[in-house]
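In: no sequence for this one, just the structure:
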């Protein structure tokens, strides 16, 4: 299936990297200007990357994106438009990953699951971090 983009009215809501996605060389799927960079690292046997660190750069981030990588179980991720309409439900299995870029989202656990979750920090607490949204049935 590869990489899939979920868009609505010209706005990118999410990108899904399905578990069967393969690349021959490192590929990033987020645009360079995005505040959240994600992709797949791929190298041939014998590749060595020299020790390094990343230059500190002051960044201003006005959005909060999040990525889930399913390790075990099955989870449904619902994506909603800004006005609460369900745009899509994505069923994810082990190895699948989704970058939540814009708009409200919810999850529904189908089988006991464990996901890696990555998002920008700092974390200011659940009560400050989340804004409840009324969604349409």
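Out: Nice, thanks for sending it over. Here the structure is a predicted model, which means the values were calculated and not measured. Residues are numbered from 1 along each chain as shown.
In: Spatially central residue for this structure, please.
Out: In the chain, the centroid-proximal residue (CA atoms, centre = their mean) is residue 99; its distance is 1.4 Å.
In: Sketch out the low-pLDDT regions of the chain for me.
Out: 1 (pLDDT under 70).
In: picking up where we left off before, can you tell me which helix or strand the residue nearest to the centre of the chain belongs to?
Out: strand 97-100 (DSSP states H and E).
In: Show me what the helix or strand following that strand is in contact with.
Out: As assigned by DSSP H and E, the chain's next helix or strand after strand 97-100 is strand 105-119. Identification of contacts with strand 105-119 by CB atoms under 8 Å, 6 or more residues apart in numbering yields 14, 36, 64-80, 89, 91, 135. Just so you know, the C-beta spots here come from the backbone N, C-alpha and C atoms, and that holds for glycine as well.
In: The same query, at a cut-off of 10 Å, please.
Out: 13-14, 36, 38, 64-80, 86-87, 89-94, 96-100, 129, 133, 135 (CB atoms under 10 Å, 6 or more residues apart in numbering).
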